[in-house]
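Engineer: Sequence isn't available, so here's the structure alone:
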Ligand SMILES: [Zn+2]
């Protein structure tokens, strides 16, 4: 008999994978629509953070906004640093997409830890928090796929990168948090806020890059 915790974590990974595969299919069918798709994914992810992840993080810790800002700033700074160092060597847009994919991967790993920590409090709190969290996993998978395509990876490799970044990391983070045990549960609120911040950065970046691409076409 599977525990509700295992079902929720597997469901989260499954939702991400479904989102990534859906985006892979959609992008291959309609290349002209891909830029609009990036813009839309940015809107959906940003709304998800605003309406769900950020309020949840703030309800767990009143000073959660500081960690949300920290997570978002970390993503932005990482992109800035990478682009400065490599500006003569590679396409900045592709490098930015790599950084975003990395931030998404980190966020998704923290998601796994958050599932583990919320079940650590009680099974009911785990099911409530987990069901809320699971909703953002599908757009997250879509975002991972779109970012993987923006990195310039071949279309045969990009889905694998997207699945690794968004679907495989959640069970990984969950297993890591289980390994850490009680210590991970104590820092759940901070991890959750940092994770919301990272997703803020990813959402905004998709918004900006999608908007630029759409404007360039028209
Ligand atoms: Zn997530």
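Structural biologist: Sure, I can see it. Every value quoted in this text rests on a predicted model; they were computed, and no experiment measured them.
Engineer: Next secondary structure after the helix-or-strand element of the chain with minimal mean pLDDT?
Structural biologist: For the chain, counting by mean pLDDT, DSSP states H and E, helix 182-186 ranks last in confidence among helices and strands (a mean of 67). Once the chain leaves helix 182-186, the next helix or strand it forms, by DSSP states H and E, is helix 188-217.
Engineer: buried stuff in that next one?
Structural biologist: Within helix 188-217, the residues scored as buried using 16 or more other C-beta atoms under 10 Å are 188-207, 209-210, 213. To be clear about C-beta, it is placed using only N, CA and C from the backbone, and glycine gets the same treatment.
Engineer: just stretch 105-125 next, same as before
Structural biologist: Buried positions in stretch 105-125, judged by neighbour count with 16+ other C-beta under 10 Å: 105-120.
Engineer: Next step: these restricted to helices.
Structural biologist: With helices defined by DSSP state H, the entries of these inside them are 105-120.
Engineer: Next to the ion in this structure, residues from the protein, please.
Structural biologist: Contacts of the chain with the ion, taken as C-beta under 5 Å from the ion, map to 111, 140.
Engineer: Quickly note the distance from residue 164 to residue 102.
Structural biologist: From residue 164 across to residue 102, the span is 11 Å (C-beta to C-beta, to the nearest Å).
Engineer: now swap in residue 211 and tell me
Structural biologist: Distance from residue 211 to residue 102, by C-beta to C-beta: 22 Å.
Engineer: Considering only this protein, name the residue that lies closest to the ion.
Structural biologist: Proximity of the chain to the ion (C-beta to the ion) peaks at residue 111, 4.1 Å away.
Engineer: Now do stretch 178-198: distance from first to last residue.
Structural biologist: Criterion C-alpha to C-alpha, to the nearest Å; first-to-last residue distance in stretch 178-198 is 22 Å.
Engineer: start the count at 33, not 1, going forward
Structural biologist: Done: numbering now begins at 33, and the last item shifts to stretch 210-230.
Engineer: Just the residues contacting that stretch, thanks.
Structural biologist: 81, 85-86, 88-90, 92-93, 96-107, 135-136, 138-139, 142-143, 145-146, 148-150, 152-153, 208-209 (C-beta atoms under 8 Å, 6 or more residues apart in numbering).
Engineer: quick one: that stretch to chain centroid distance?
Structural biologist: Distance of stretch 210-230 from its chain centroid, counting by C-alpha atoms, centre = their mean, to the nearest Å, is 15 Å.
Engineer: Please apply the same query to stretch 53-61.
Structural biologist: Taking mean C-alpha positions (C-alpha atoms, centre = their mean), stretch 53-61 and its chain are 18 Å apart.
Engineer: So which bits of stretch 59-79 are buried?
Structural biologist: Neighbour-count burial for stretch 59-79, counted by 16+ other C-beta under 10 Å, picks out 59, 66-67, 69-78.
Engineer: Then stretch 172-188?
Structural biologist: Across stretch 172-188, burial judged by 16+ other C-beta under 10 Å covers 172-183, 185.
Engineer: any chance of those in a markdown table, plus distance to residue 116, secondary structure and pLDDT?
Structural biologist: Below are the buried residues of stretch 172-188 laid out as a markdown table (distance: C-beta to C-beta, whole Å; DSSP: H, G, I helix; E, B strand; the rest coil; pLDDT from 0 to 100):
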| residue | distance to residue 116 | secondary structure | pLDDT |
| --- | --- | --- | --- |
| 172 | 28 | helix | 93 |
| 173 | 30 | helix | 95 |
| 174 | 29 | helix | 93 |
| 175 | 25 | helix | 93 |
| 176 | 25 | helix | 95 |
| 177 | 28 | helix | 94 |
| 178 | 25 | helix | 92 |
| 179 | 20 | helix | 93 |
| 180 | 23 | helix | 95 |
| 181 | 24 | helix | 91 |
| 182 | 19 | helix | 89 |
| 183 | 18 | coil | 91 |
| 185 | 23 | coil | 92 |
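Engineer: Thank you, goodbye.
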